[in-house]
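Trainee: below are the sequence and a predicted model for it; my questions follow.
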There are 2 protein chains.
Amino acid sequence: MTKTLKPSRRDALRVLAGSALAVPVASSFAVAGQSQPQLPSEGVFELGDLRLESGATLPNAKIAYKTHGRLNGAKSNVILYPTSYAAQHGDIEWLIGSGKALDPEKHFIIVLDQLGNGLSSSPSNTPAPFDRMRFPAITIRDDVSAQHKLVTAGFGIQRIALVTGWSMGAQQTFQWAVSHPDMVERIAPFCGTAKTTPHNFVFLQSLRSALTTDVAWMKGDYQNQPVQGVRAFSHVYAGWAFSQPFYKQQLYRQLNFNSLEDFISGFWEQRYARRDANNLLSMVRTWQLNDVGATPGFGGSLDSALRSIKAKAVVMAGQTDLYFTAADIEAEAGQIPGARFVTIPSIWGHMAGLGLNQVDNQFIDKEIRALLAR
Amino acid sequence: MTKTLKPSRRDALRVLAGSALAVPVASSFAVAGQSQPQLPSEGVFELGDLRLESGATLPNAKIAYKTHGRLNGAKSNVILYPTSYAAQHGDIEWLIGSGKALDPEKHFIIVLDQLGNGLSSSPSNTPAPFDRMRFPAITIRDDVSAQHKLVTAGFGIQRIALVTGWSMGAQQTFQWAVSHPDMVERIAPFCGTAKTTPHNFVFLQSLRSALTTDVAWMKGDYQNQPVQGVRAFSHVYAGWAFSQPFYKQQLYRQLNFNSLEDFISGFWEQRYARRDANNLLSMVRTWQLNDVGATPGFGGSLDSALRSIKAKAVVMAGQTDLYFTAADIEAEAGQIPGARFVTIPSIWGHMAGLGLNQVDNQFIDKEIRALLAR
């Protein structure tokens, strides 16, 4: 792909790195199976019929993405960076930038939109009969399967220097290493587990219950978003995603909120009010189903799946993360041959990995940088 | 009161200890201000007009209670044991029993029903204009004020050997020591704080949001309980009250639930389905307002209020408690002169103090026993 890039396009890509520049999506469709189409730097890739792990087939499935930097001639500088829960590719760019570990001057970084996130195939953008709550169950393996098609058939890439991601992005990162051990050279999952723990499942179920209690949800067939249910959902999330001392020390002031009340409404309510309710529920289900041990060939064993990983790994956990606990992550990391496990010394809870504060950002960046040098 | 007890009554009281025997409530009313009425061992005490901290007056207020054991002649063997969130006096009797620290053979134990719990004055049992969501805001100090009337005017008691309680019971325990420093000899609050932390407030707000999202709640004027909202409420609670490793290790099997699903429905949903929704919301508000520092005379200072405590104290925290964290409790205990702080080495989270497992029960019992010996 790089070989055919015109100079003006190269310049445009450099400018694009870290920016919010939107490339028109409608004009940038490409179709899987065509021989290495020249994909735009931001677009939606047509997957055709996507066979899902559940047995269902999602017709005309699509995956959205955005790239940063240039693919080198050896196609050896690829970094995959899948999105986290309810995020879209523009939301997680904090990790990318000139001089950072994920450096568009050096790497070809593909930010991958998870199925259900509103840009890739989702309840909100899929026609009947798979619209809304009729959208099929998606697993993390389905995400990786879709991403693999984009990466191989779309970009013609066969080697991945690094997969990294936060939270549900970490789930996808583990799955990449398990599903494609000879393709993925390094992984840096942070603040996420390879299998959803029972407690995490309970937390997620409470999000689902809070949202679906709103009569306006109408089992997914709403005309208008179930605003009150999504608000209750966001209030539940608020307690889990930051730590107890974060709230005690009023660190939300660093995010320019002057009171707890402002923070709950201005940060939390806004965070999910912009999303589609059925999409939120679809991604909750994917999260609940997450388990690399269920990958074919491992007999349901989480440990066997983790032990099969060949990628060099740094696995990071937030010290005060309440649902992806450091203890849970450390136990998993201990099964990955040669993996380095580190704790992010942060009181930002799970949000240590969201790019909200420079100290945690630099900690994560430094670890990824060290991994890339191995 | 003891002096006039007939032998048959003594026997009945012994039998009563730890039992679910119900004394008819309607026939056991007593009125504050009368000279030392002989109160029944289980009853509802009329408080008359209760002036609340908010400035409102609750007419014909009442407080329910149940006693275990006999008041000795010196009236020196009194233990107060206030209820925890949504509990009624019969729900917390695990701590009481022959041979235990709270021994009805030795002590006169008064289990005190918190305002809003459905037995004492509550949204569910108060007539208009203070019924339902029109029930006034109750503070922990209002609880202690009502309890003080019962104890002094009702039972003629002026000295308290011990106040102990779990969770919201701990809140009332701290308040007793701050409001009546010369009356309370010992306190043993466990798994609770003297001031509600901001994070705890956020968790509580999410409970409120989950419940009130149910359209059937009708701002409190429901004909039938808002079942779905209360269920969502219970699902949120489920994630917070036990720890992450509790769920991972499936310790709910010790409670005779065979699956996570059974546990959520059989334990959690049932736990709150039996309660009135407005009562649940009233007690959430009381919890959110909790702050001994707001006691008159301390200028809003939590530390000043804690430093004023004269009672001998043992303050216990659950090692894995997610909303009354050990760190928060230890910080408060450090302000109480001479207080002993201990951590309950448990993975039962906040529920280490609910009496569900023998190891934690014995730990708590032993600490209270040691305190009573001081």
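Mentor: Arrived safely, thanks for sending. For clarity, every value in this text was computed on a predicted model and none was experimentally measured.
Trainee: and the next element down the chain from the strand ranked longest in chain A?
Mentor: Scanning chain A for the strand with the most residues, using DSSP state E, yields strand A:57-68. For strand A:57-68, the succeeding helix or strand toward the C-terminus, using DSSP states H and E, is strand A:78-82.
Trainee: for that next one, packing partners?
Mentor: strand A:108-112, helix A:140-149, strand A:162-166, helix A:168-179 (3 or more CB pairs under 8 Å, 6 or more residues apart in numbering or on different chains; DSSP states H and E). Bear in mind the C-beta positions are built from the backbone N, C-alpha and C, glycine included.
Trainee: quick one: which of those is nearest chain B?
Mentor: Nearest to chain B, of all the helices and strands packed on strand A:78-82, is helix A:168-179, at 16.9 Å by CB to the nearest CB.
Trainee: could you list the buried residues of the closest one?
Mentor: By neighbour count with 16 or more other CB atoms under 10 Å in any protein chain shown, helix A:168-179 contains the buried residues A:168-179.
Trainee: now the residues you listed as JSON lines including pLDDT and distance to chain B?
Mentor: Below are the buried residues of helix A:168-179 laid out as JSON lines (pLDDT from 0 to 100; distance: CB to the nearest CB, whole Å):
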{"residue": "A:Met168", "pLDDT": "98", "distance to chain B": "18"}
{"residue": "A:Gly169", "pLDDT": "98", "distance to chain B": "21"}
{"residue": "A:Ala170", "pLDDT": "99", "distance to chain B": "17"}
{"residue": "A:Gln171", "pLDDT": "99", "distance to chain B": "17"}
{"residue": "A:Gln172", "pLDDT": "99", "distance to chain B": "22"}
{"residue": "A:Thr173", "pLDDT": "99", "distance to chain B": "21"}
{"residue": "A:Phe174", "pLDDT": "99", "distance to chain B": "18"}
{"residue": "A:Gln175", "pLDDT": "99", "distance to chain B": "21"}
{"residue": "A:Trp176", "pLDDT": "99", "distance to chain B": "25"}
{"residue": "A:Ala177", "pLDDT": "98", "distance to chain B": "23"}
{"residue": "A:Val178", "pLDDT": "98", "distance to chain B": "21"}
{"residue": "A:Ser179", "pLDDT": "98", "distance to chain B": "25"}
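Trainee: before we move on, the earlier item: dump the helices and strands packed on strand A:78-82 to TSV, plus distance to B:Ser76.
Mentor: What follows is the helices and strands packed on strand A:78-82, written out as TSV (distance: least, CB to CB, whole Å):
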stretch	distance to B:Ser76
strand A:108-112	71
helix A:140-149	64
strand A:162-166	60
helix A:168-179	60
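Trainee: B:Ile138: which of those is closest?
Mentor: In terms of CB to CB, the element of the helices and strands packed on strand A:78-82 nearest to B:Ile138 is helix A:168-179, at 41.6 Å.
Trainee: so after the closest one, what's the next helix or strand?
Mentor: Taking DSSP H and E, what comes next after helix A:168-179 is strand A:186-190.
Trainee: which elements pack onto that next one?
Mentor: With contacts defined as 3+ CB pairs under 8 Å, 6+ apart, the packing partners of strand A:186-190 are strand A:162-166, helix A:168-179, strand A:312-318, helix A:358-372.
Trainee: next, format the ones you listed as JSON lines and append distance to B:Gly338.
Mentor: Listed next are those as JSON lines, based on distance: least, CB to CB, whole Å:
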{"stretch": "strand A:162-166", "distance to B:Gly338": "46"}
{"stretch": "helix A:168-179", "distance to B:Gly338": "47"}
{"stretch": "strand A:312-318", "distance to B:Gly338": "37"}
{"stretch": "helix A:358-372", "distance to B:Gly338": "38"}
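Trainee: can you pull the contacts of A:Thr139?
Mentor: A:52-54, A:286, A:289-290, A:294 (CB atoms under 8 Å, 6 or more residues apart in numbering or on different chains).
Trainee: going through those, which ones are buried?
Mentor: Using 16+ other CB under 10 Å, the buried ones in these are A:52-53, A:286, A:289-290, A:294.
Trainee: which among these gets closest to B:Val315?
Mentor: A:Asn290 (39.6 Å).
Trainee: how about the contacts made by the closest one?
Mentor: A:139-140, A:168, A:171, A:193-196.
Trainee: what does A:Ala210 give?
Mentor: A:229, A:232-233, A:235-236, B:206, B:209-210, B:213, B:232, B:235-236.
Trainee: check A:Ala373 too.
Mentor: Residues in contact with A:Ala373 (CB under 8 Å, 6+ apart): none are found.
Trainee: may I have the phi/psi pair for it?
Mentor: Backbone torsions for A:Ala373, taken as degrees, to the nearest 10, come to phi -80, psi -10.
Trainee: now swap in A:Val44 and tell me
Mentor: Dihedral pair for A:Val44: phi -130, psi 120, per degrees, to the nearest 10.
Trainee: where's stretch A:44-62 relative to the chain centroid, distance-wise?
Mentor: Centroid separation between stretch A:44-62 and its chain, computed with CA atoms, centre = their mean, to the nearest Å, is 19 Å.
Trainee: in that stretch, what counts as buried?
Mentor: Buried positions in stretch A:44-62, judged by neighbour count with 16+ other CB under 10 Å: A:44-48, A:50, A:52-53, A:58, A:61-62.
Trainee: you'd agree A:Asn72 is up against A:Phe108?
Mentor: Yes: counting by CB atoms under 8 Å, A:Asn72 touches A:Phe108, with 7.0 Å between them.
Trainee: give me the pLDDT for A:Gln38.
Mentor: With respect to pLDDT, A:Gln38 scores 82.
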